[in-house]
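J.: show me the folded form of this:
(chains A and B)
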Number of protein chains: 2
Amino acid sequence: MSFEPDVLQGFVQRYLDTVSSGTADEVAALYAEDATLEDPVGGGEVHIGRKAIAGFYSGMGGTEIKTELLSFRAGGHEAAFAFAITVGGAMRIEPIEVMAFDGDGKITSMKAYWGPQNITQL
Amino acid sequence: MSFEPDVLQGFVQRYLDTVSSGTADEVAALYAEDATLEDPVGGGEVHIGRKAIAGFYSGMGGTEIKTELLSFRAGGHEAAFAFAITVGGAMRIEPIEVMAFDGDGKITSMKAYWGPQNITQL
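T.: As a prediction, the model looks like this:
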């Protein structure tokens, strides 16, 4: 299974747009039912399943979130990308994320690589 | 198992330096015995084991290789990074790679995300 790079980039852009303007359930709906999410990688916690994933994103509720895709790489049914996320106009984080997608374009795994050194106070 | 970000970045810089100035066997020696390598991701081939990995890097023999780390993110015992590789002064590729390391700092898996759209002819 493989997607054209522009299709993969569309999946990623839709994800970033939904993180910015959607609800936690709308973000979680972009994930497959049995997907896994590790954010940050090495943080010791892997969220498994769409319900747990919705719980993860619900932590952002009520905060103004802006996202910007900085760099994108395609790889078959996977993608790696750098982006900026600005939280409440106060903090900018620049992670590198890796995602895998199923044949329906649902995210089956997400891993976000970032740490304190990738945070800028605004 | 987890490494400090600067330790992980040191592993990655050593890898890029060895790709630039070392032999295929020297690059392969940075990998664990049973490591896996997928470059490019989605290319349909996963190299398994240090011998197969040495074979992969031997394709670069005799060509002048320069590498430059562009962006780095740490994640426990993993790292994600963007870099530039210039081949024979003729071609510049900018992949995003993800690596995992064992407790000895050997690479246990490497995945390189890039495609034709990330190549610049010089």
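J.: residues from chain A in reach of chain B?
T.: Those residues of chain A that sit near chain B, judged by C-beta under 8 Å from any C-beta of the partner chain, are A:2, A:5, A:40-44, A:71, A:73-82, A:95-96, A:98, A:111, A:113-115, A:117-118. Bear in mind the C-beta positions are built from the backbone N, C-alpha and C, glycine included.
J.: out of those, which are buried?
T.: A:5, A:40-42, A:71, A:73-82, A:95-96, A:98, A:111, A:113-115, A:118 (16 or more other C-beta atoms under 10 Å in any protein chain shown).
J.: pLDDT score for A:Phe72?
T.: pLDDT, A:Phe72: 98.
J.: so where do the strands sit in chain A?
T.: Secondary structure of chain A (DSSP state E): strands at A:31-38, A:47-48, A:65-75, A:78-87, A:91-93, A:96-101, A:107-113, A:119-121.
J.: looking at these, which is buried most?
T.: Mean neighbour count, computed with mean count of other C-beta atoms under 10 Å in any protein chain shown, is highest for strand A:96-101 among those, reaching a mean of 24.
J.: give me the sheet partners of it and which way each runs.
T.: If you go by DSSP bridges, strand A:96-101 pairs up with strand A:78-87 (antiparallel), strand A:107-113 (antiparallel).
J.: who's in contact with the shortest one?
T.: Think strand A:107-113. Strand A:107-113 is contacted by residues A:11, A:15, A:30-32, A:34-41, A:95-102, B:73-75, B:78-80, B:98 when judged by C-beta atoms under 8 Å, 6 or more residues apart in numbering or on different chains.
J.: figure out how far it is from the centre of its chain.
T.: 7 Å (C-alpha atoms, centre = their mean, to the nearest Å).
J.: that strand vs strand A:31-38, what angle?
T.: Following axes from the mean of the first three to the mean of the last three C-alpha atoms, to 10 degrees, one obtains 20 degrees for the angle between strand A:107-113 and strand A:31-38.
J.: partner residues bridging A:Ser71?
T.: A:Ala82.
J.: that one against B:Phe81, yeah?
T.: No: in this structure, A:Ser71 is not within contact of B:Phe81 by C-beta atoms under 8 Å, at 11.4 Å.
J.: any shared contact partners between these two?
T.: Jointly contacting A:Ser71 and B:Phe81 under the rule C-beta under 8 Å, 6+ apart are B:71, B:96.
J.: quick one: pLDDT of A:Ala29?
T.: 98.
J.: equivalent analysis for A:Asp34, please.
T.: So A:Asp34 comes in at 98 (pLDDT).
J.: for A:Thr23, same thing?
T.: The model reports A:Thr23 with a pLDDT of 95.
J.: what about it, distance to A:Gly62?
T.: A:Thr23 sits 11 Å away from A:Gly62, going by C-beta to C-beta, to the nearest Å.
J.: give me the more crowded residue out of those two.
T.: Higher neighbour count among A:Thr23 and A:Gly62: A:Thr23, with 14 against 7, using other C-beta atoms under 10 Å in any protein chain shown.
J.: show me what contacts that one?
T.: A:Gly61.
J.: same question for A:Leu122.
T.: Residues counted as contacts of A:Leu122 (C-beta under 8 Å, 6+ apart) are A:86, A:89-92.
J.: then A:His47?
T.: Going by C-beta under 8 Å, 6+ apart, A:His47 touches A:36-39, A:53, A:55-56.
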